[in-house]
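**Student:** What would the 3D arrangement of this be:
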Amino acid sequence: MDARARIARLFAAAGWRRRGLAAALGVAAAGALPPVHLLPLAFAAFSGLLLTLRAAAAERPAAAFWIGWWFGAGFHVAGLYWIANALLIEWQRVGWMIPFAVFGLSAFLAVFVGGACYAVRRAGGGTLAGAFFLAAFWTLAEIVRGTVLTGFPWNLIATVWVETETVLQLAAIGGAYGVSALSVLLFALPATLRARPILAGAAGLALAVGFGAWRLAENPARDVPDVRLRLVQP
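**Tutor:** Below is the predicted model:
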C-alpha cells in the first residue's frame, strides 16, 4: 500500500469514529483562529475534512452533511466557549443556560457547515475540484451565517491571518469573505496528495505575501493631526 492509500485510509472511518474525527478536525480548525493562532492546524483541519468527504463519496449525500455538521460543531464549540463566561458571573442563577448557549448555538451554526459539505458532495469531481468547491461553499456558508436572523459572522476563517498583515492586505480587494475563500482553498490543497497543486498553493501564498508587503510599503502608517478617536466595545 503506497503513502497516498495509507493516508486516505486514515480518513475512511465510519460511525462514531467518523463523527469524532470530524469534530476533532473542527476543533483543530478553531485552533488556527485568534487567540491561539496555530496556523498549521488549518491545513490539517481542512485537508482532513476534504479527505473525509472523499472517503464517504460512495455513500448517500446526507453522509457529507453529517460530516460537515460534526466538523462545524467542533469548530464552533471550540471557538465560542467564551460565551459561557458571561453566564458564570451569576452562575447560581443562570449557570443552567451554559449548555444551551454554547452547545445549542454551536449545533445550530454547524448546520451551515453541514450544508456547505453537502453542496461539495453534490458538486462531485475529484479532490482538486473538491478543494475549490469547499472554498466556494464554505465562504457562501459564512456569508449566509453572517446575514440570516440578523447574522452571526463570528470566527471567519480570514481571521487566522490577523497576525500576518501582509496576507490581510488581500481584504482590500475581496473583503474578509474573499480572504476566507482563498484561505480555505489553500488549506485544502494538501488533500490532493499531489505535488503540483500543493506547490501552486505555496506559490499563491507567496504572491499574497508579496502583494501585501508592497501595499504596506506604499501606504505607510502615519499620524493624522487634530483627530480624537474613541473605540467603544459594545
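**Student:** helices or strands next to the helix or strand encompassing Trp16 in the packing?
**Tutor:** Using DSSP states H and E, Trp16 sits in helix 15-31. Helix 15-31 is packed against helix 40-55, helix 61-79, with contacts defined by 3 or more CB pairs under 8 Å, 6 or more residues apart in numbering; DSSP states H and E. Just so you know, the C-beta spots here come from the backbone N, C-alpha and C atoms, and that holds for glycine as well.
**Student:** Output these as a markdown table; include the columns mean pLDDT and mean neighbour count.
**Tutor:** Below are the helices and strands packed on helix 15-31 laid out as a markdown table (pLDDT from 0 to 100; neighbours: other CB atoms under 10 Å):
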| stretch | mean pLDDT | mean neighbour count |
| --- | --- | --- |
| helix 40-55 | 96 | 23 |
| helix 61-79 | 96 | 23 |
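**Student:** Stretch 118-136 - what's its average pLDDT?
**Tutor:** Across stretch 118-136, the average pLDDT comes to 94.
**Student:** Use 40 as the first number for this chain going forward.
**Tutor:** I'll keep to 40 as the first residue from here, and by that count the last item is stretch 157-175.
**Student:** For that stretch, list every residue counted as buried.
**Tutor:** Within stretch 157-175, the residues scored as buried using 16 or more other CB atoms under 10 Å are 157-160, 166-167, 169-175.
**Student:** How about stretch 234-243?
**Tutor:** Buried, per 16+ other CB under 10 Å, within stretch 234-243: 236-237, 240.
**Student:** now swap in stretch 254-264 and tell me
**Tutor:** Buried, per 16+ other CB under 10 Å, within stretch 254-264: Arg254.
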